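Engineer: Here you go, sequence then predicted model.
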Amino acid sequence: MEGSDRYARKSISLKLDTISRLPDWFFNTVMNRAERLWWEGCRRLIDIFVEFEHGRLQGLTHLSIIGTDSHELMDTRTWVPKRPVFKKLEELHMIGVDCQESCVDELPPGSLFNLKVLKVRYCYKWGNVLLPSTLLQRLPNLEELCCRFMDEIEYVFGYEALSEPKQSKLRSVELCGLYRVRSIWDGPAPLAMFQTLQILNIRQCNLPGSLFTSDIAQCLSQLTYINLQNCPFLERIVEAGNKKIILPKLKRLSLAELPMLYSESATIDIECPSLEDLDVLDCPKFSASIYDFKPEREVQLNRVSSQKPHCPIWRRAPIELSSDSFSTRFESDVRSGSSIDLSLVRGGDCGGYV
């Protein structure tokens, strides 16, 4: 089986609150052969780990989990797998999943070892750190991280000296709607995490002060694209200092709705010799010119003002997720390819959300 035909035959789409009651014959003939699973209605992340511990879903490489907005009281058991889980999994997508007692950061070594893509949105009871150091150490092959609208998150990465990653394959980070975020790192940032980063996309986040320390900025040798949008407290891209910062491969820099950016100083202390595009929208304090970045080629400058009143993100109304609209609202956002009737158990495309 090749191409799309191969995936169609090895993909499962489910819409139910639990899969534990499915008959054994279905698991043996269908579920255990699946490589891609789309599960809508899963209430807690721990449930999927339990199924794996019972010898099911061993062949999954792509997993998409859509939770429910039901807040009814459930068993809050604490459970940690005894052996590594989802060693073959390459992509994990989660929306609206209850992560309480899932003990993600306590998974046995080898769990999620091959995970390349992690995308989470509207998940709750996750904790204040998106990737604690113990979990980050278990994801040596992670290439793409996307986190949207997680109200509890204060730090994206955690830090413990004994768990500091020695190398990283992380190339893309997208953060959106993290209203309580204080910093990218909780504590000193291991420089190895940023040496492969190519794309950084941060929108609607209340990050204060500077985005990067000068030490981290010196490690961004592979960074090609930075997009910063609607971060009302962000003052600088790199903290002020005496070190010369060069982003040798940065080609595009997009800045939008950043009212405090360089409000204390108009000096740009970043050199971008490969810069090709500079987009500036509603950044009233940003007065730098193209030449401040010392480009070695012609740069396309797009500097515009929307002429609309600034709306701070912390005053925007929270997003309501009703039981009637939850599935409909996210189905088109999460799925790719042709539409599938999620009320049926059948093959389909289990692509994740963008």
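Structural biologist: Arrived safely.
Engineer: Gly241 contacts Phe212, doesn't it?
Structural biologist: No. Counting by C-beta atoms under 8 Å, Gly241 stays clear of Phe212, with 10.7 Å between them. C-beta here means a position set from N, CA and C on the backbone, and glycine is covered the same way.
Engineer: Next, please give the residue ranges for the helices of the chain.
Structural biologist: Remark: helices assigned in the chain by DSSP state H are 3-9, 24-29, 45-53, 133-137, 214-217, 326-334.
Engineer: Let me see the mean pLDDT of the last one.
Structural biologist: When pLDDT is averaged over helix 326-334, the result is 39.
Engineer: do the same with the third one
Structural biologist: For helix 45-53, mean pLDDT is 78.
Engineer: Pull the distance from that helix to the chain's centre.
Structural biologist: The chain centroid and the centroid of helix 45-53 are separated by 22 Å, computed with C-alpha atoms, centre = their mean, to the nearest Å.
Engineer: For this protein, which residues score under the pLDDT cut-off?
Structural biologist: Scanning the chain with the threshold set as pLDDT under 70 gives 1-9, 14-18, 20, 43, 69-80, 100-105, 161-165, 263-267, 304-354.
Engineer: can you do 50?
Structural biologist: 1-8, 71-76, 308-354 (pLDDT under 50).
Engineer: quick one, domains of this protein?
Structural biologist: 1-122+321-354, 168-306 (automatic domain parsing).
Engineer: Please say which of Gly241 and Phe212 ends up with more neighbours.
Structural biologist: Comparing Gly241 with Phe212 by other C-beta atoms under 10 Å, the one with more neighbours is Phe212, at 20 against 13.
Engineer: any idea how far the closest residue to that one other than its chain neighbours lies from Asp98?
Structural biologist: Closest residue to Phe212 in three dimensions, ignoring its sequence neighbours and counting by C-beta to C-beta, 6 or more residues apart in numbering: Val238, at 5.0 Å. For Val238, the distance to Asp98 equals 38 Å [C-beta to C-beta, to the nearest Å].
Engineer: what sits up against stretch 288-305?
Structural biologist: Stretch 288-305 is contacted by residues 253, 262, 266-268, 270-282 when judged by C-beta atoms under 8 Å, 6 or more residues apart in numbering.
Engineer: can you do 7 Å?
Structural biologist: For stretch 288-305, contacts defined as C-beta atoms under 7 Å, 6 or more residues apart in numbering pick out 266, 268, 270-273, 275-282.
Engineer: State the pair within those that is farthest apart.
Structural biologist: Pro273 and Asp282 (27.1 Å; C-beta to C-beta).
Engineer: So for these two, which sits in the more crowded spot?
Structural biologist: Asp282 (18 against 14).
Engineer: give the contact list for the nearest residue to that one once chain neighbours are set aside.
Structural biologist: Distances taken as C-beta to C-beta, 6+ apart place Glu257 nearest to Asp282, at 4.8 Å, with adjacent residues excluded. For Glu257, the contacting residues are Gln229, Asn230, Leu281, Asp282, His310, by C-beta under 7 Å, 6+ apart.
Engineer: Could I have the PyMOL command that selects the buried members from those residues?
Structural biologist: Per 16 or more other C-beta atoms under 10 Å, the buried members of the contacts of Glu257 correspond to this PyMOL selection:
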select buried, resi 229+230+281+282
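Engineer: could I get the contacts of Glu257 as JSON lines with distance to Phe157?
Structural biologist: Formatted as JSON lines, the contacts of Glu257 follow (distance: C-beta to C-beta, whole Å):
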{"residue": "Gln229", "distance to Phe157": "21"}
{"residue": "Asn230", "distance to Phe157": "22"}
{"residue": "Leu281", "distance to Phe157": "29"}
{"residue": "Asp282", "distance to Phe157": "29"}
{"residue": "His310", "distance to Phe157": "30"}
